[in-house]
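A.B. asks: Here is my input; please provide its structure:
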Amino acid sequence: MKRHSKDCQSKKISQSNSLGDSLRIFALKVEYIAALHTNGKISTAEVIERINHLWQLIENQAE
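C.D. replies: So this is what the prediction gives:
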């Protein structure tokens, strides 16, 4: 039984790290999108669309 518990804990940790990594990547992509917007390369509507899409990917991964 202890082995099963340890396996479950390690899965939670790896999922947590994976989610943390995903959030870091999300932040970097948002930063890039914001820079594109600041430089006039994409519209505000496109910024919202892209960030919402990225967030949906994070939410789906968390489930």
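A.B. asks: can you give me phi and psi for Gly40?
C.D. replies: Backbone torsions for Gly40, taken as degrees, to the nearest 10, come to phi 80, psi 20.
A.B. asks: For Glu46, see how far away it is.
C.D. replies: As judged by Cβ to Cβ, to the nearest Å, Gly40 and Glu46 stand 12 Å apart. Any C-beta I mention is one placed from the backbone N, CA and C, and that applies to glycine too.
A.B. asks: Show me which of these two is the more surrounded one.
C.D. replies: Just comparing Gly40 and Glu46: by other Cβ atoms under 10 Å the higher neighbour count belongs to Glu46, 13 against 7.
A.B. asks: quick one: pLDDT of the closest residue to the more buried one other than its chain neighbours?
C.D. replies: Leaving aside its sequence neighbours, Glu46 sits nearest to His37 (Cβ to Cβ, 6 or more residues apart in numbering; 7.9 Å). What the model reports as pLDDT for His37 is 98.
A.B. asks: secondary structure element for His37?
C.D. replies: helix 2-38 (DSSP states H and E).
A.B. asks: right, and the helix or strand after that helix?
C.D. replies: In N-to-C order, the element after helix 2-38 by DSSP H and E is helix 44-62.
A.B. asks: contact partners of that following helix?
C.D. replies: Residues from elsewhere that reach helix 44-62 (Cβ atoms under 8 Å, 6 or more residues apart in numbering): Ser18, Leu19, Ser22, Leu23, Phe26, Lys29, Val30, Ile33, Ala34, Leu36, His37, Ile42.
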